[in-house]
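[1] Provided below for reference: sequence and predicted model.
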Amino acid sequence: MPLRTEHDQHVTIVTLDRPEVRNAVDADTARALYEAFLAFDEDPNARVAVFHGANGHFCAGWDLQFGARMAAASPGQGHEVLSNLNFSSDEQKALGPMGPSRLLLSKPVIGAISGAAVAGGMELALWCDMRVMEQDAYFGVYCRRFGVPLIDGGTVRLPRLVGMGHAMDLILTGRKVESAEALQMGLANRVVPTGGARDAAVALAHQLSRFPQITMLADRMSAYRQWDLPVEAALHQEWERGKACLPEAFAGAARFSAGEGRHGQFG
């Protein structure tokens, strides 16, 4: 199976498993990823997802061997396949070339990054809300050397995540970015020992799953939705989302008053 989904209480774990191509994604795998994350988003019991690559690598991007075979079998077919992935009438449910890369889910996804997260695989990592990276893992716009464009959000999310200067360096050169540098520039949120990304990401996901969900999800969506808004409009939409959370906030204040969660302690 190129993809498998597991459930650990309120955490959903989605694992790419194509070891022969370092978890590179072909058309069928892209659709399977897309459907798996839509299913997570629609599952009322699921609160946080972990996106993981088996066998020591996160994802080596689009499966260029598959693309070459497809082009050889039918010249022009590869272009037609990508053209068919144009945004749908419901842009929030659009299928990207790598699968879920055009979705804005209502719940967070944590990337567990081991080995290679390059080209389209780096774009999938950028799509995640957070990235837990192993010490010997690496990012890179490796598709630069083959003339393959970033069409799964890389040119949008990377500058927003690390700033324009770092983004231009990585986009233009396609160079390798190892974990220490990734952490320094904000591309990684955590660096853990080799082999530990999945367990660390799952532990973090469980932590997030224990928080009051209505408020956390409202704050998350407010952060995503503010990018294209003037400050006044962004503040207004933050208030509107936050206002709906006040019953949960008052309940939390009562728990704090009773002695829960003092001195920065988390559940």
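    Perfect, I can see it now.
[2] Look up which residues are beta-bridged to the residue nearest to Tyr142 when sequence neighbours are not counted.
    Spatial nearest neighbour of Tyr142, chain neighbours left out: Val118 (4.2 Å); criterion: Cβ to Cβ, 6 or more residues apart in numbering. All C-beta spots, glycine's among them, are computed from the backbone N, C-alpha and C. With DSSP bridges as the criterion, Val118 is bridged to Gly140.
[3] Next up, the contacts around Val118.
    Contact analysis of Val118 by Cβ atoms under 8 Å, 6 or more residues apart in numbering lists Cys59, Ala60, Gly61, Tyr138, Phe139, Gly140, Val141, Tyr142, Cys143.
[4] Val109: which of these is nearest?
    The nearest member of the contacts of Val118 to Val109, counting by Cβ to Cβ, is Cys59 at 13.6 Å.
[5] pretty sure the closest one is touching Gly115, no?
    No: contact criterion Cβ atoms under 8 Å: Cys59 and Gly115 do not qualify, at 9.1 Å.
[6] tell me, what's touching these two both at once?
    Arg22, Gly53.
[7] ok, those two, which is more surrounded?
    More crowded of Cys59 and Gly115, by other Cβ atoms under 10 Å: Cys59, with 31 against 21.
[8] gap between the more buried one and Pro212?
    Look at Cys59 and Pro212: by Cβ to Cβ, to the nearest Å, they are 33 Å apart.
[9] And the strands in this protein?
    3-8, 11-16, 48-53, 109-113, 116-118, 130-134, 138-140, 177-178, 190-192 (DSSP state E).
[10] out of those strands, nearest to Glu42?
    strand 11-16 (11.1 Å).
[11] Now do the closest one: everything it contacts.
    So strand 11-16 is contacted by 2-7, 23, 25, 29, 33, 36-37, 40, 43, 46-54, 58-59, 198, 202, 205-206, 209 (Cβ under 8 Å, 6+ apart).
[12] could you redo the last one with a cut-off of 7 Å?
    Residues external to strand 11-16 that are found in contact with it (Cβ atoms under 7 Å, 6 or more residues apart in numbering): 2-6, 23, 36-37, 40, 43, 46, 48-54, 59, 202, 205-206, 209.
[13] Counting neighbours, which of the residues you listed end up buried?
    Among the contacts of strand 11-16, the ones that count as buried by 16 or more other Cβ atoms under 10 Å are 2-3, 5, 23, 36-37, 40, 46, 48-54, 59, 202, 205-206, 209.
[14] Who is the closest residue in space to Arg4 that isn't next to it in sequence paired with across the strands?
    Of all residues not flanking Arg4 in the chain, Thr15 sits nearest, at 5.2 Å (Cβ to Cβ, 6+ apart). Using DSSP bridges, the bridge partners assigned to Thr15 are Arg4, His52.
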